[in-house]
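In: what follows is a protein structure lacking sequence information:
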Ligand code: ASP
């Protein structure tokens, strides 16, 4: 039986057109995009178009992904959840700039996912001669439609397909503004590779429990911030951030294996933040490797200040996971801290 795939267009370069007045690329409508990929009809899958709507039912226009928001992540989750039982897989067309954030957020918001949710987009608009959009879109649909011998999805998780490789959504970072291979998963191997054939690596995929229903979550709490440590960081500015009344959690980007300056004011400020119920997660500024706070004295002191190791998580994954957990456990900061310290979706 042919797989049924729902194609959800959120915007991004893949469907953009040049504005003749400004010369800049702008999001364009979905029909325009599909006119340029007649090949979709030749695939061994039925492809339908999904519409994104707001929670009060308004149709949402395509956007540049720099304008993405948590409420739009909820709209994507809602679209998938509404059609979950009627489709075998989902392909989300998305701008590359914040694709890794949306894919990470969706991986947390869709609990017990057993079907593929494959994000893709392109570096060049689909109507340009050298576009990478056609290959990305067609292969993403093939991946979303692929089944194993038991009839289960080959990829029962949220992935990003781009430039010949399928990567785990919450392990991925945009690494190039120009290259067709725009994304990288520095700390986890790819889930599939597309050459002449598509080679899947099932041993690297998540193993869902097929007896459980998919549970969508729509609430996110964005009282969070990401900040980087750097030589010369100022106490007054950090104090200002830590004392922001609504702030609940921080992704702190540290040096190397999770190190920060050992100035007493910083360690005291972090301890105080922790004591006042803020969740502080340590993510390295290095894209490869892991936070190990016990390796150096300066990392050890962060641990003593109550900072949680984000291990080898991406920034995109850490910040969206915090938004998800803060909304899920609004009155249980210990649960948020405990779950930040371990993997819940292969992140
Ligand atoms: N600015 C665009 C976006 O993220 C870039 C792209 O799609 O590649 O929507």
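Out: Looks like it came in fine. Remember, it's a predicted structure, so these values are computed and weren't measured experimentally.
In: what is the neighbour count of the closest residue to the ligand within the stretch 1-150 of the chain?
Out: Nearest residue of the stretch 1-150 of the chain to the ligand, counting by CB to the nearest ligand atom: residue 95, 1.9 Å away. To be clear about C-beta, it is placed using only N, CA and C from the backbone, and glycine gets the same treatment. For residue 95, the number of neighbouring residues by other CB atoms under 10 Å comes to 25.
In: which residues does it contact?
Out: Applying CB atoms under 8 Å, 6 or more residues apart in numbering to residue 95 gives the contacts 10, 11, 12, 13, 14, 63, 64, 65, 66, 68, 121.
In: buried ones among the residues you listed?
Out: Among the contacts of residue 95, those that count as buried by neighbour count (16 or more other CB atoms under 10 Å) are 10, 11, 12, 13, 14, 63, 64, 65, 68, 121.
In: neighbours around residue 271, how many?
Out: Counted with other CB under 10 Å, the neighbours of residue 271 add up to 17.
In: which residues of the stretch 51-200 of the chain lie near the ligand?
Out: The stretch 51-200 of the chain comes close to the ligand at residues 64, 65, 66, 95, 96, 97, 121, 123, as judged by CB under 6 Å from any ligand atom.
In: mind doing that once more with 8 Å?
Out: Neighbours of the ligand within the stretch 51-200 of the chain, by CB under 8 Å from any ligand atom: 63-66, 94-99, 121-123, 182.
In: of the residues you listed, which belong to helices?
Out: The helices in this structure, assigned by DSSP state H, contain residue 99 from those.
In: how close does the residue lying closest to residue 286 once chain neighbours are set aside sit to residue 292?
Out: Leaving aside its sequence neighbours, residue 286 sits nearest to residue 256 (CB to CB, 6 or more residues apart in numbering; 6.2 Å). Remark: distance between residue 256 and residue 292 (CB to CB, to the nearest Å) = 9 Å.
In: before we move on, what about residue 27?
Out: Separation of residue 27 from residue 292 (CB to CB) stands at 42 Å.
In: and these two? Which one has more around it.
Out: Neighbours were counted for residue 27 and for residue 292 using other CB under 10 Å; residue 27 has more, 22 against 17.
In: neighbours of residue 215, just the number please.
Out: 11.
In: contact partners for it?
Out: By CB under 8 Å, 6+ apart, the contact list for residue 215 reads 110, 111, 112.
In: so what's the second one bridging to?
Out: Counting by DSSP bridges, residue 111 is bridged to residue 215.
In: A strand includes residue 7, no?
Out: Yes. Residue 7: assigned to a strand according to DSSP: H, G, I helix; E, B strand; the rest coil.
In: returning to what we had before: isn't the residue nearest to residue 286 right up against residue 287?
Out: No. Assessed by CB atoms under 8 Å, residue 256 is found out of contact with residue 287, at 12.0 Å.
In: in strands only, show me the buried ones among the contacts of residue 95.
Out: Among the buried ones among the contacts of residue 95, no residue falls in strands (DSSP state E).
In: and the two most separated of these?
Out: With CB to CB as the measure, no two of the buried ones among the contacts of residue 95 lie farther apart than 14 and 68, at 14.7 Å.
In: so which elements touch the worst-scoring helix or strand of the chain on mean pLDDT?
Out: Within the chain, no helix or strand scores below helix 30-35, which has a mean of 72 by mean pLDDT, DSSP states H and E. In terms of contacts (3 or more CB pairs under 8 Å, 6 or more residues apart in numbering; DSSP states H and E), helix 30-35 is not packed against any helix or strand.
In: sorry, back to before: possible to save the contacts of residue 215 as CSV with neighbour count and pLDDT?
Out: CSV is the format used below for the contacts of residue 215 (neighbours: other CB atoms under 10 Å; pLDDT from 0 to 100):
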residue, neighbour count, pLDDT
110, 24, 98
111, 16, 98
112, 14, 98
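In: out of those residues, which is nearest to residue 306?
Out: For these, the nearest to residue 306 is residue 111 (27.9 Å; CB to CB).
In: quick one, what contacts that closest one?
Out: Contacts for residue 111 (CB under 8 Å, 6+ apart) come out as 214, 215, 216, 217.
In: how close does it get to residue 50?
Out: As judged by CB to CB, residue 111 and residue 50 stand 20 Å apart.
In: residue 330 too?
Out: 30 Å.
In: do the same with residue 263
Out: 51 Å.
In: higher neighbour count, these two?
Out: A count of neighbours by other CB under 10 Å puts residue 50 above the other of residue 263 and residue 50, at 20 against 11.
In: mind listing the residues bridging to that one?
Out: Bridge pairing for residue 50 (DSSP bridges) gives the partners residue 8.
In: that one and residue 79 touch, don't they?
Out: Yes. The pair residue 50 / residue 79 is scored as a contact, 5.0 Å apart, by CB under 8 Å.
In: which residues do the two both contact?
Out: Jointly contacting residue 50 and residue 79 under the rule CB under 8 Å, 6+ apart are 6, 8.
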